[in-house]
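Trainee: Show me the folded form of this:
(one chain, ligands or ions: 2)
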Amino acid sequence: MDADHLRRFWAKVQKTEDCWLWTAALDQGYGRISVAPGRAARAPRVAYELLVGSIPADRQLDHLCRNRACVNPAHLELVTSRTNTLRGLGRTARNARRTHCPKGHPYSPENTLVSKDGERFCRECRRLACEQRRRRQGVPALNPITRQRRAIRAACERARRVR
Ligand SMILES: [Zn+2]
Ligand SMILES: [Zn+2]
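Mentor: Ligands and ions are numbered 1, 2, ... in the order given. The predicted model follows:
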């Protein structure tokens with residue numbers, strides 16, 4: 001980062017006794033800053049690299065204060081992405097220790113769907129739920145009529161939302 005970018009970076013930070021708040025653009029809650037023409041970076045990473053040191057490729061920053069908009073390096077800790085996920089959500093942590101879904105299907109690579117925040121879902125259960133709804137609605141599995149296809153898709157959408 002050149003002097004100009006540096007100056008602009010710190011101008012966007014509002015230091016409080018506790019967190020250093022990012023006052024400019026946020027990306028999924030994290031501060032976002034242009035570091036060079038056409039290149040953006042996450043503000044906490046920039047602050048950490050400026051004040052602490054470089055971040056290895058296999059590490060992520062975890063906000064100990066749980067405030068994503070904070071760029072105070074004292075609140076940031078280098079962790080592996082798995083640690084970050086496990087810490088982030090208690091539910092994900094409990095889920096990660098299980099080897100089978102509540103119905104007893106294995107969380108094997110083929111049978112597991114993983115959401116963006118690391119939560120796992122059982123594919124077999126999804127499939128069974130879709131099938132059940134399809135049967136209940138009396139829609140045959142193979143039917144070229146658009147209206148019925150839509151009903152199936154809607155049923156699957158609903159099944160997806162049920163956890
Ligand atoms: Zn903080
Ligand atoms: Zn299952």
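
Trainee: Read off the pLDDT value for residue 39.
Mentor: We note a pLDDT of 86 for residue 39 in this prediction.

Trainee: Oh, that last question was meant for residue 132, not what I typed.
Mentor: According to the prediction, residue 132 has pLDDT 85.

Trainee: Can you name every helix or strand that the helix or strand hosting it contacts?
Mentor: Following DSSP states H and E, one finds residue 132 within helix 123-136. Helices and strands touching helix 123-136, by 3 or more C-beta pairs under 8 Å, 6 or more residues apart in numbering; DSSP states H and E, are strand 112-114, helix 146-161. For every residue, glycine as well, the C-beta is placed using N, CA and C.

Trainee: Out of the ones you listed, which gets the lowest mean score?
Mentor: helix 146-161 (a mean of 68).

Trainee: Now find how far off-centre stretch 98-107 is within its chain.
Mentor: Here the centre of stretch 98-107 is set off from its chain's centre by 22 Å, with C-alpha atoms, centre = their mean, to the nearest Å.

Trainee: What of stretch 109-123?
Mentor: Distance of stretch 109-123 from the chain centroid (C-alpha atoms, centre = their mean) equals 13 Å.

Trainee: Dump it to CSV, keeping only the CA atoms.
Mentor: Output of stretch 109-123 as CSV, limited to C-alpha atoms (Å, rounded to 0.1, in the frame of the first residue of the first chain):
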residue,chain,number,x,y,z
PRO,A,109,-18.7,-36.9,1.4
GLU,A,110,-21.3,-38.2,-1.1
ASN,A,111,-24.2,-37.8,1.4
THR,A,112,-23.4,-34.4,2.8
LEU,A,113,-24.3,-30.9,1.7
VAL,A,114,-22.4,-28.1,3.4
SER,A,115,-23.9,-24.6,3.7
LYS,A,116,-21.9,-21.4,3.4
ASP,A,117,-21.4,-21.1,7.1
GLY,A,118,-20.2,-24.7,7.4
GLU,A,119,-23.4,-26.4,8.6
ARG,A,120,-24.0,-29.9,7.2
PHE,A,121,-27.1,-31.4,5.8
CYS,A,122,-28.0,-34.9,4.9
ARG,A,123,-28.7,-35.5,1.2
